[in-house]
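# this one's structure only:
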């Protein structure tokens with residue numbers, strides 16, 4: 001599989017990270033991966049909820065440096 005599309009939403013508060021993820025997923029072909037990096041603690045709740053609502057899968061959630069969270073999201077085929 002190719003490298004995931006990277007969406008860096010650090011410094012933005014919800015709902016901006018989720019909206020940027022939505023835009024990236026809409027533009028990506030089915031089966032693509034999108035990596036969202038956010039530092040808003042609410043993203044830990046909002047991103048999985050949003051992904052489930054559109055049929056996408058959160059493959060991994062990883063804590064990064066400086067309080068950032070990385071979400072690897074798979075767009076449904």
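Cool, the structure landed. Remember, predicted model here, so these are calculated numbers, not experimental data.

# tell me, how many residues neighbour residue 44?
Other residues lying near residue 44 total 13 when counted by other C-beta atoms under 10 Å. Where C-beta positions appear, they are placed from N, C-alpha and C, glycine not excepted.

# ignore the last one, residue 55
Neighbours of residue 55 (other C-beta under 10 Å): 9.

# torsion angles phi and psi at it?
Here is the backbone geometry of residue 55 (degrees, to the nearest 10): phi 80, psi 10.

# where does the closest residue to it other than its chain neighbours land in three-state SS?
Once flanking residues are discounted, residue 55 sits nearest to residue 76: 4.3 Å by C-beta to C-beta, 6 or more residues apart in numbering. What DSSP: H, G, I helix; E, B strand; the rest coil gives for residue 76 is coil.

# can you check the pLDDT for residue 76?
Residue 76 carries a pLDDT score of 93 in this model.

# tell me which element residue 25 falls in.
According to DSSP states H and E, residue 25 maps onto helix 16-27.

# so how far is that helix off the chain centroid?
How far helix 16-27 lies from its chain's middle: 7 Å, per C-alpha atoms, centre = their mean, to the nearest Å.

# give the buried residues for it.
17-18, 20-22, 24-25 (16 or more other C-beta atoms under 10 Å).

# next helix or strand past it?
Next along from helix 16-27, by DSSP H and E: strand 33-38.
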